[in-house]
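Trainee: show me the folded form of this:
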Amino acid sequence: MMRIDVGAVLRHSANHPYANLVTRTTGAAVRKCIEEEIAAVASGTVVTLDFTHIVMMDYSCADEVVAQLLLDLERRGDDASSLVFHGITDAHLEAIEDVAVHHGLALVVHFADGAARLVGSVSDDERTVWQCVHARGPAAAEEVARDVARDAADVLLVLQALYTRRLLRRDGFTYAPIGVVA
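Mentor: As a prediction, the model looks like this:
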């Protein structure tokens, strides 16, 4: 697992002492630096983008730093890294949710208070299954199916979709949350 402090990247890439992630140009510069760091890690690594030191983020930066990074990982394929977004606040959430839904993306966010949530374009079934796995920890499809009172074959399809979208990790027949922040 790798952690990238987005506030530090902002100060370095934009050469400003600010904690506000605003303007598309700034977002693109921050994204480029993050992409370089992600490219240097092993395939399949979980990368936590830590927004703890970002006070505000506008829609254009949410698009550049969140959506474009996720779209790039989709283009790279199965062995690409997974991203987890940590330190998200209400000041970030509206912009992140809007750009994620606009692009048909979903992401795992860990809020400053420690709570985690699936954000973006997800079905009710995906949300229910993800919440179950997040709450219970690693589990096989049959275990999750019992917990959510659904057919195991249907739950397996949802688990596979969540894994393909890099919202869960898989080890054999077991699915688990990604990027649990200690």
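
Trainee: hey, where'd the strands end up in this protein?
Mentor: 2-5, 20-21, 46-50, 56-57, 82-88, 106-111, 116-120, 139-140, 168-171, 174-177 (DSSP state E).

Trainee: list the strands paired with the last one, with their directions.
Mentor: It stands for strand 174-177. With DSSP bridges as the test, strand 174-177 is paired with strand 139-140 (antiparallel), strand 168-171 (antiparallel).

Trainee: buried ones in the longest helix belonging to the chain?
Mentor: Identified as the longest helix of the chain according to DSSP state H is helix 24-39. Within helix 24-39, the residues that count as buried by 16 or more other Cβ atoms under 10 Å are Thr26, Gly27, Ala28, Ala29, Val30, Arg31, Cys33, Ile34, Ile38. Yep, even glycine has a C-beta here, placed from its N, CA and C like the rest.

Trainee: same check on stretch 83-91?
Mentor: In stretch 83-91, counting by 16+ other Cβ under 10 Å, buried: Leu83, Val84, Phe85, His86, Gly87, Ile88.

Trainee: the fourth one contacts Val47, correct?
Mentor: No: here His86 does not reach Val47: they are 10.4 Å apart, not a contact under Cβ atoms under 8 Å.

Trainee: if I look at the two, which residues touch both of them?
Mentor: Counting by Cβ atoms under 8 Å, 6 or more residues apart in numbering, the contacts common to His86 and Val47 are Arg3.

Trainee: from the chain's centroid, how far away is the longest helix of the chain?
Mentor: 16 Å (Cα atoms, centre = their mean, to the nearest Å).

Trainee: quick one, what contacts the residue lying closest to His134 once chain neighbours are set aside?
Mentor: With sequence-adjacent residues excluded and distances taken as Cβ to Cβ, 6 or more residues apart in numbering, His134 is closest to Pro177, at 4.8 Å. When contacts are counted by Cβ under 8 Å, 6+ apart, Pro177 touches Val108, Ala116, Val133, His134, Gly137, Leu168, Arg169.
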